[in-house]
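>>> Coordinates for the following, if possible.
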Amino acid sequence: MGPRAASDEAYVLSLCDEILGERGQRQHRFVWLRGDPGATGRRASLPVDAFYPSHALVVEYHERQHDAAVELFDRRQTVSGVSRGEQRRRYDERRASKFRRTA
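You can find the predicted model right below:
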């Protein structure tokens, strides 16, 4: 069992699987949910933690790196020229805005 399988995220997603009665598609990517363009203009699809198609439900588990600086994650250079923390904040907001329900 690798470190991800023993993570809080894996535990929470397994609870979601049990409650919903199906295994969510882990690290699912939607063609319309894209990151910032790189030097070539290419924009990678952003993954979500789990997608449950029959429930039209996306689960995004926010671990520590989503809310606080984590040196291991933040030392990487980004394609958009902003800090990794800023890029993560933007991508989290992009995911949230794409999946918000409107009344």
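>>> alpha carbons only for contacts and neighbour counts from here, please
OK.
>>> counting residues per helix, which one in this structure is longest?
Counting residues, the longest helix in the chain under DSSP state H turns out to be helix 84-99.
>>> Where does pLDDT dip in this protein?
1-4, 64-77, 100-103 (pLDDT under 70).
>>> Let's see that with 90 instead.
For the chain, applying pLDDT under 90 flags the ranges 1-8, 32-33, 35-41, 44, 60-103.
>>> all helices in it, in order from the N-terminus.
Under the criterion DSSP H, the chain contains helices at 8-20, 71-74, 84-99.
>>> Give me the distance from the top strand by length along the chain to the chain's centre.
The residue-count maximum for a strand in the chain (DSSP state E) belongs to strand 25-34. Distance of strand 25-34 from its chain centroid, counting by CA atoms, centre = their mean, to the nearest Å, is 9 Å.
>>> same question, stretch 93-102
For stretch 93-102, the distance to the chain centre is 12 Å (CA atoms, centre = their mean).
>>> which parts of that stretch are buried?
residue 95 (16 or more other CA atoms under 10 Å).
>>> And for it, what's in contact with it?
With contact meaning CA atoms under 8 Å, 6 or more residues apart in numbering, stretch 93-102 is reached by 33, 48, 58.
>>> Just name the closest of those residues to residue 87, please.
Nearest to residue 87, judged by CA to CA, of those is residue 33 at 14.4 Å.
>>> Distance check, the closest one against residue 14.
The gap separating residue 33 from residue 14 is 24 Å, by CA to CA, to the nearest Å.
>>> ok, now residue 24?
9 Å.
>>> first vs last residue of stretch 23-43, how far apart are they?
Stretch 23-43 end-to-end distance (CA to CA) = 28 Å.
>>> what do you get for stretch 13-28?
End-to-end distance for stretch 13-28, by CA to CA: 13 Å.
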